[in-house]
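Student: Following is a predicted model, sequence given first.
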Amino acid sequence: PGHITARARRRAQRPHTMRAIAPVSLAPVSRVQRRRARVQARRTTDDVTATGAASLGLAAAAAACVVLAGPARAELNAAEANRGGEFNRGSAKQFGGYDLVKVDITKEFGEDLRLSNFTGADLRFAKLRGANLRGAYMMKMVAPEVDFTGADMSDALMDRAVLVKANFTNAILNRVVLTSSDLEGAIVENADFTDALLDVKTQQALCKTASGKNPETGVSTRVSLGCAGGRARVSSPSRYMSDDDTPKPKAEFDESRFSMYQ
């Protein structure tokens, strides 16, 4: 027909596609409804953003776990081992909880064992002859019949240890803490216990067999144990801190902020 325009004819010739048309409500929308719609839209956007951030956080944590994961090291790490010990002292070694039954420790690891850790180790019948154990950690050590002949254990912590029939001949035990330790039948000939901390019953038992003088310090074993005249012991590992006449512990290492000799 003549009244159909060219634009209408072109539109009629185009291929038609079906489109889904959302139903539109013809009811009037109030101001309150529009405000609610905006708030809901903002909440939806915030939820999406938070979910995305949480996903990124979990991903980062997982990546960190992958990077940091590795074997748990109870032993010294490479840097500590290169320095010689965890205390950067050049001697401290880790034997905590180790099975060292019948091991000649000085032969296997050397005599310089200052500040080394033997906490809870099993040293039954082991040998530590001539070892330098100054400041060593030996709490709860199981060490019956261990040979400490000639060893220097000054300032060592040896409380709650089993030292039945241990051999302390010629050993130096200045300022050693031996509280609650079992020294039944221990050999203490020529040993120096100056300022050591022992239970009264342990001190009295050791005095029954104590004899001789330490070849290194020249101190009588009975005097160092406070056996003379049956008098009670008045010394302690910290006596040098309050008594100017008492010799101070030997500084084994250069002073540092970690030093117990400062």
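Tutor: Cool, the structure landed.

Student: Just to be sure, residue 170 is in a strand?
Tutor: No: applying DSSP: H, G, I helix; E, B strand; the rest coil, one finds residue 170 to be coil, outside a strand.

Student: Run a quick check on residue 99 versus residue 122, I expect a contact.
Tutor: Yes: between residue 99 and residue 122 there is a contact under C-beta atoms under 8 Å: 5.1 Å. Where C-beta positions appear, they are placed from N, C-alpha and C, glycine not excepted.

Student: Those two: which is more packed in?
Tutor: residue 122 (17 against 11; other C-beta atoms under 10 Å).

Student: Any idea what the more buried one is bridged to?
Tutor: Listed by DSSP bridges, the beta-bridge partners for residue 122 are residue 99, residue 142.

Student: Just confirm it contacts residue 100, I think it does.
Tutor: Yes: if you go by C-beta under 8 Å, residue 122 and residue 100 touch, sitting 6.4 Å apart.

Student: Report the secondary structure state of residue 223.
Tutor: At residue 223, secondary structure determined by three-state DSSP is helix.

Student: roughly how far apart are it and residue 168?
Tutor: Counting by C-beta to C-beta, to the nearest Å, the separation of residue 223 from residue 168 is 16 Å.

Student: Name the residue in those two with the higher neighbour count.
Tutor: The neighbour count for residue 223 versus residue 168, taken as other C-beta under 10 Å, is higher for residue 168 (26 against 14).

Student: Distance check, the more buried one against residue 97.
Tutor: On the measure of C-beta to C-beta, residue 168 and residue 97 end up 24 Å apart.

Student: again with residue 211
Tutor: 36 Å.

Student: which sections of this structure are below the confidence cut-off?
Tutor: Scanning the chain for pLDDT under 70 picks out 1-30, 32, 39, 43-91, 229-262.

Student: ok, 80 please
Tutor: Scanning the chain for pLDDT under 80 picks out 1-92, 228-262.

Student: where do the helices sit along it?
Tutor: 6-13, 31-68, 78-83, 105-109, 200-207, 221-225, 239-242 (DSSP state H).

Student: How about residue 109, nearest residue that isn't a chain neighbour?
Tutor: In space, and not counting its chain neighbours, residue 109 is closest to residue 93: 6.3 Å by C-beta to C-beta, 6 or more residues apart in numbering.

Student: Does the one you found touch residue 121 like I think?
Tutor: No: assessed by C-beta under 8 Å, residue 93 is found out of contact with residue 121, at 11.2 Å.

Student: Run a quick neighbour tally on residue 214.
Tutor: 23.

Student: ok now do it, which residues does it touch?
Tutor: 170, 172, 190, 191, 192, 221, 224 (C-beta atoms under 8 Å, 6 or more residues apart in numbering).

Student: Go through those and say which is closest to residue 198.
Tutor: If you rank these by distance to residue 198 using C-beta to C-beta, residue 224 comes first, at 10.8 Å.

Student: Residue 35 and residue 42, how far apart?
Tutor: For residue 35, the distance to residue 42 - C-beta to C-beta - is 11 Å.
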